[in-house]
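>>> no sequence for this one, just the structure:
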Ligand code: ZN
């Protein structure tokens, strides 16, 4: 079961410029910046009321964000849903016929275990599952 939208991910060319732009938009600055080296991305997070927005900038040519921007330009990249048990959600969605890109969840930004569904199996929307990492 999915609990709620955890955040919306937006692909940007230049994180520094976009942090300023979204600061103007929201009236509050980002509350954190985090590099996810395994993915070749720098991320920043904004809190907007109950909601979170993640900006993503590719740091290398073969990063999925760099490739996304080359193909489609900047814009909404994924929608992330909060789940309690990512392993059982992956199983459930596979059984429902969705193509899961990460059968084993990986460590993402913001203290989460994450897995993506292929957009081809979900009407062109890249979906991220995320589960808070509990100590
Ligand atoms: Zn995300």
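Alright, I've got the coordinates. Please read all numbers here as calculations on a predicted model, not as lab measurements.

>>> For stretch 51-65, which outside residues touch it?
With C-beta atoms under 8 Å, 6 or more residues apart in numbering as the test, stretch 51-65 has contacts from 5-15, 18-19, 22, 26, 30, 35, 39-46, 66-69, 77, 80, 109-110. Placement of C-beta: from N, CA and C, glycine included.

>>> buried set for that stretch?
52-59, 63-65 (16 or more other C-beta atoms under 10 Å).

>>> tell me the phi and psi of residue 99?
Main-chain dihedrals, residue 99, degrees, to the nearest 10: phi -90, psi 110.

>>> For it, list the residues it contacts.
Counted by C-beta under 8 Å, 6+ apart, residue 99 has contacts 117-118, 120-121.

>>> can you list the residues that contact stretch 17-31?
10, 12, 33, 44-48, 53, 55, 57.

>>> Report all helices and strands that the lowest-mean-pLDDT helix or strand in the chain contacts.
Ranked by mean pLDDT, DSSP states H and E, the weakest helix or strand in the chain is strand 106-108, scoring a mean of 89. In terms of contacts (3 or more C-beta pairs under 8 Å, 6 or more residues apart in numbering; DSSP states H and E), strand 106-108 is packed against strand 112-117.

>>> what about the strand it packs on, average pLDDT?
Averaged across strand 112-117, pLDDT comes to 95.

>>> which other helices and strands contact the following helix or strand past it?
Helices and strands here follow DSSP states H and E; after strand 112-117, the next one along the chain is strand 127-132. Where contact means 3+ C-beta pairs under 8 Å, 6+ apart, strand 127-132 is packed against strand 2-11, strand 75-83, helix 86-95, strand 112-117.
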